[in-house]
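> here's a sequence, model it:
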Amino acid sequence: MTSSTYPLIIKANGETEAFDPKKLYHSLERAGADSDSIEGIVSTVVSEITDGTPTKDIYRRALNLLRSKRKKPVAIRYSLRRAIAELGPSGYPFERFFGEILKRKGYDVRVGVDVQGWCAPHEVDVSARKDGTHMLVECKFHNNHALRSDLKTTLYVQARFEDLEKRYLQDKVESERFHEAWLVTNTKFTSNAISYGSCIGMRMIGWGYPKGEGLRELVEETNVYPITVLPSLSQKKVALLLQQDIVTCADLKARPSVLKEIGLSDKHITRIHNELDMTCALTKSCS
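Below you'll find the model as predicted:
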């Protein structure tokens, strides 16, 4: 069967395209599913989809099939992109999440820092230091992974960086100087944003960018997973945990009593602890 004979599905941005089973196959393969499971899931999905099926429904079906096959560790990896998007609605949990990634990579990190520029005050999402270099990190969070960070966003980050640099050139306080501007998003960048960022030397990290060094790869490298990968946590309970500044699985592992505090039953708590144990086994660490 050629791609032109597969049903037309609706992407997250509203566009339509012919369903490509190879994309589903590769996403499951990347998550660590074995070949037999992949073949079975792809075959089931192909038999069920019709013209107009949204990609989110295809994702949910594949995820449910992974879970039904008792492939929960694989399901955790497969659900990562959407799990990060569920850290909202505010962007602060994503800032905390990325700050934890940087900590695992050896950076000295502060989240939500107020800094005075030459023309205006600024709240820096993440201030990160390593090897004598001070980074201004702007985190752009989207609930919808179809949304992209565009040229206006890169211009905004650069304007803030330049305002802070002007203040440094006036006061010469080296400890307060930012040496680099970073833009981090949980989705993708437009081509214009990438062109501008590359031209001015801005470090840009998004989903799939830079190739092989994007956000997904950083999560897998540092083993920092958001609590939203845990299937037994409802959105309501996730919101309560985020209010308690519990953002990562490691946060929850360190404060297990918070599950009782938000009103979960002992049976529910046991189920979540089992999922945490699987996540820790997957990441080889929850410290």
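> give me phi/psi at the closest residue to residue 196 other than its chain neighbours?
Excluding the flanking residues, the one nearest residue 196 by C-beta to C-beta, 6 or more residues apart in numbering is residue 154, at 5.0 Å. (Glycine included, C-beta is placed from N, CA and C.) Backbone geometry at residue 154, expressed as degrees, to the nearest 10, gives phi -70, psi -40.
> got it, and residue 18?
phi -70, psi 130.
> now residue 174
According to degrees, to the nearest 10, residue 174 has phi -60, psi -30.
> list the residues that contact it.
The neighbourhood of residue 174, defined by C-beta atoms under 8 Å, 6 or more residues apart in numbering, consists of residue 168.
> in the helix or strand containing residue 37, what's buried?
Under the criterion of DSSP states H and E, residue 37 resides in helix 35-48. Of all the residues in helix 35-48, those buried under the rule 16 or more other C-beta atoms under 10 Å are 37-38, 41-42, 45.
> residue 157 against residue 183, yeah?
Yes - here residue 157 lies in contact with residue 183, judged by C-beta atoms under 8 Å, at a distance of 5.1 Å.
> A strand includes residue 122, no?
Yes - Residue 122 forms part of a strand when assessed by DSSP: H, G, I helix; E, B strand; the rest coil.
> state the distance from the residue nearest to residue 196 to residue 145.
19 Å (C-beta to C-beta, to the nearest Å).
> looking at those two, which one has more neighbours?
A side-by-side neighbour count of residue 154 and residue 145, using other C-beta atoms under 10 Å, places residue 154 first with 27 against 18.
> residue contacts, the more buried one?
Taking C-beta under 8 Å, 6+ apart, we find residue 154 in contact with 183, 193, 196-197, 202, 204.
> beta partners for residue 126?
residue 111, residue 137 (DSSP bridges).
> what about it, distance to residue 91?
Per C-beta to C-beta, residue 126 is found 11 Å from residue 91.
> which of these two has more residues huddled nearby?
Taking other C-beta under 10 Å, residue 126 and residue 91 do not tie; residue 126 has more neighbours (23 against 16).
> my read: the more buried one touches residue 101, true?
No - contact criterion C-beta under 8 Å: residue 126 and residue 101 do not qualify, at 9.8 Å.
> quickly find the element holding the residue nearest the centre of the chain.
In the chain, the residue lying closest to the centroid (C-alpha atoms, centre = their mean) is residue 84, at 3.9 Å. Per DSSP H and E, residue 84 falls inside helix 80-85.
> just checking, what packs against that helix?
Secondary-structure packing of helix 80-85 (3 or more C-beta pairs under 8 Å, 6 or more residues apart in numbering; DSSP states H and E): helix 215-222.
> for the helix it packs on, buried residues please.
215-216, 218-219, 222.
> what mean pLDDT does the next helix or strand along the chain from that helix get?
Per DSSP H and E, the first helix or strand lying C-terminal to helix 215-222 is helix 235-243. Mean per-residue pLDDT for helix 235-243: 95.
> what residues does helix 235-243 touch?
86-87, 93, 227-228, 233, 252, 258, 262, 264.
> show me the strands in the stretch 51-200 of the chain, by range?
With strands called from DSSP state E, counting those that start in this stretch, the stretch 51-200 of the chain shows them at 108-116, 121-130, 133-140, 148-149, 180-185, 188-189.
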